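[1] Build me a model:
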Amino acid sequence: MTQNPKNPARRKLFRTAAIASGLAVAARVTPLQPLLASVRQPSLASHGAADVPSFEFDEITIAELQAGMTAGKYNARAVAEKYLARIDQIDKNGPAINAVIQINPDALAIAEGLDKERADKGVRGPLHGIPVMIKDNLDTADNMMTTAGSLALVGSKPSKDSTVAEKLRQAGVVILAKTNLSEWANIRSGHSTSGWSGRGGQTKNPYALDRNPCGSSSGSGAGVSANLCVGAIGTETDGSIVCPSSSNGLVGIKPTVGLTSRTGIIPISHSQDGAGPMCRTVRDAATMLGAITGIDEGDRATAESREKSYTDYTQFLKADGLKGSRVGVVRQRFGFHEGVDKVMESALEALKKEGAILVDPANIETSGKFGDTEFTVLLYELKADLNAYLAQLGPDAPVKTLKDIIDFNEKNSEKEMPYFGQDTFIKAEEKGPLTTQEYLDALAKNHQLARKEGIDATMDKNNLDALIAPTGGPAWIVDHVNGDYFGGGSSSAAAVAGYPNITVPAGFISGLPVGISFFGRAWSEPVLIRLAFAFEQATKVRKAPRFVPHIDI
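    Numbers count the residues shown, from 1 in each chain. Next up is the predicted model:
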């Protein structure tokens with residue numbers, strides 16, 4: 001969950017030392033590949049890849065797919081059909097990744113309409129006809145439910161799209177499906193197993209099927225990595241985009257709070273929640289991010305993004321973007337795993353080779369000092385924000401308050417709580433309103449320590465463009481008895497501050513991907529994207545998963 005083991009829950013909430021285990025992406029051989037690939041490569045001889053047939057669109061990018069449709073090589077409907085067949089083939093059968101919680105029954109009709117529009121009027125933009133998936137906590141006013149993975153919300157069909165879903169549709173995407181997640185975005189219990197929900201069951205990691213995909217955007221991470229779609233949307237409160245991206249070998253962008261709207265997203269915390277893209281390349285993630293930014297009158301935080309957001313983040317992609325940049329190495333986030341440290345040292349060498357000026361160490365002096373107050377804020381905001389979300393669903397909502405959800409879970413404990421309980425929900429229900437002094441003091445302390453005295457102070461002191469740290473460790477084995485095991489990570493400072501964080505694949509440990517995080521000041525997405533892209537292009541670490549039953553080490 002978070003860095004503090006006592007504070008167990010957040011929209012991925014990395015438990016132990018800051019974030020979670022998992023890692024990141026990239027692919028192809030370059031001069032730096034041997035350097036970054038040198039850490040404990042997998043031994044898979046006795047446990048070979050699952051019998052998964054090759055797929056025509058394996059590892060295809062948005063630009064490549066768009067070029068194929070422009071050239072008439074394929075159309076959106078045919079592409080959607082092939083992805084849906086792929087989902088049936090390996091998500092519901094074969095290795096049974098279980099990343100998808102519900103197929104969009106209208107996907108083919110939508111794709112067909114976009115093909116007609118392409119022929120009659122031309123394309124809307126780079127995402128026209130591109131198949132994506134979205135996490136099952138984003139409202140869609142269609143024939144799919146929005147449940148956060150909970151049986152308590154089965155049958156809930158909001159009357160309006162979430163703003164993010166609406167913007168994706170406006171950009172011309174085909175929403176193929178909704179993805180499974182850690183139920184209630186991993187906030188229900190401090191003893192949860194990431195990637196499990198009462199409605200959706202357990203999502204698997206496609207790199208090793210007995211390993212955890214990390215949460216809470218687990219289905220989005222596993223689905224994109226397994227090539228079930230071109231890209232996906234995840235949400236994060238603390239680590240829920242970057243950890244599953246890291247664990248599934250992806251690029252994930254957790255934006256500044258307010259860069260993307262939260263209207264119509266089942267909430268945890270209005271001071272930390274945000275939606276962002278999870279893709280196989282930085283370019284694809286930048287493309288998707290530009291489609292979902294903008295001011296939304298329904299989300300006051302987005303007003304701060306005026307003149308600070310862009311509809312095209314691909315303009316910041318520069319292969320030489322690291323040259324002359326000053327990057328701070330947050331050493332205090334190292335040391336939780338020898339293999340991760342080796343991957344990171346190789347990554348640091350790659351950064352220097354590309355012309356980055358490393359300030360090492362550049363530690364955040366307040367790190368670890370806001371874990372308790374973060375959890376306090378999340379408890380108060382969970383109760384207030386979730387009750388507000390449920391209220392706007394109207395009188396036909398299956399549950400209307402957090403208390404109703406708690407009661408539902410107790411009455412249906414065999415299905416809803418077979419592995420872990422709802423201790424965090426109960427603690428949240430005990431909290432008072434957002435005018436309570438305890439909450440106000442905790443929120444002020446969070447912002448003081450994570451922003452002014454944290455990330456901002458560290459960057460000011462060292463004149464930095466960005467900070468870097470390991471995103472997390474290698475994926476742990478799924479354990480429904482003991483719950484998650486987060487070895488360490490670095491998500492919490494940016495999460496509590498509400499600042500941006502981008503993870504990029506950095507290497508592999510025994511065949512399991514691990515990522516490097518680039519994070520920094522509010523609204524610094526252009527800088528972080530520039531640095532992350534240059535690192536990705538220099539290293540190209542991503543390798544598609546092989547769906548092995550388990551790692552033979």
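[2] Where does Lys342 sit: helix, strand or coil?
    helix (DSSP: H, G, I helix; E, B strand; the rest coil).
[3] I meant Ala185, not that one.
    Using three-state DSSP as the criterion, the local structure at Ala185 reads helix.
[4] What is the neighbour count of it?
    The burial count assigned to Ala185 is 33, neighbours taken as other CB atoms under 10 Å. Heads up, the C-betas are built off the backbone N, CA and C, glycines and all.
[5] Ala495 too?
    Here the neighbour count serves as a burial measure; for Ala495 (other CB under 10 Å) it reads 37.
[6] pretty sure it contacts Asp238?
    Yes - proximity of Ala495 to Asp238 meets the contact threshold set by CB atoms under 8 Å, at 3.8 Å.
[7] Can you show me the helices along the stretch 451-553 of the chain?
    If you assign secondary structure with DSSP state H, counting those that start in this stretch, the helices in the stretch 451-553 of the chain sit at 456-462, 492-497, 525-539.
[8] got these as TSV, with distance to Ala99 columns?
    What follows is the helices of the stretch 451-553 of the chain, written out as TSV (distance: least, CB to CB, whole Å):
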stretch	distance to Ala99
helix 456-462	36
helix 492-497	24
helix 525-539	23
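[9] quick one: Val399 and Ile405 touch, right?
    Yes - in this structure, Val399 sits in contact with Ile405. The criterion is CB under 8 Å, and the distance is 5.2 Å.
[10] intersection of neighbour lists for the two?
    Taking CB atoms under 8 Å, 6 or more residues apart in numbering as the contact rule, Val399 and Ile405 both touch Ala152.
[11] These two: which is more packed in?
    Taking neighbours as other CB under 10 Å, Val399 and Ile405 compare with Ile405 leading, 25 against 19.
[12] what's near enough to touch that one?
    Applying CB under 8 Å, 6+ apart, one finds that Ile405 lies in contact with Ser150, Ala152, Leu386, Val399, Phe425.
[13] try 7 Å
    For Ile405, the set of contacting residues under the criterion of CB atoms under 7 Å, 6 or more residues apart in numbering consists of Ala152, Val399, Phe425.
[14] Make JSON lines from the residues you listed and add distance to Asp284 and secondary structure to it.
    Conversion of these to JSON lines gives the following (distance: CB to CB, whole Å; DSSP: H, G, I helix; E, B strand; the rest coil):
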{"residue": "Ala152", "distance to Asp284": "34", "secondary structure": "helix"}
{"residue": "Val399", "distance to Asp284": "36", "secondary structure": "coil"}
{"residue": "Phe425", "distance to Asp284": "36", "secondary structure": "helix"}
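[15] how close does Pro395 get to Ser159?
    If you measure Pro395 against Ser159 using CB to CB, to the nearest Å, the figure is 12 Å.
[16] quick one, which of those two is more surrounded?
    Each of Pro395 and Ser159 has its neighbours counted (other CB under 10 Å); Ser159 has more, 11 against 6.
[17] Identify the residue spatially nearest to the more buried one, adjacent ones excluded.
    Counting by CB to CB, 6 or more residues apart in numbering, Ser159 lies nearest to Ala141, which is 5.8 Å off, once chain neighbours are set aside.
[18] How is that neighbour assigned, secondary-structure-wise?
    Going by three-state DSSP, the secondary structure assigned to Ala141 is coil.
[19] still on that earlier bit, with Lys431 as the reference, name the closest of the helices of the stretch 451-553 of the chain.
    When those are compared by CB to CB, helix 492-497 sits nearest Lys431, at 18.2 Å.
[20] What mean pLDDT does the closest one get?
    The predicted model assigns helix 492-497 a mean pLDDT of 98.
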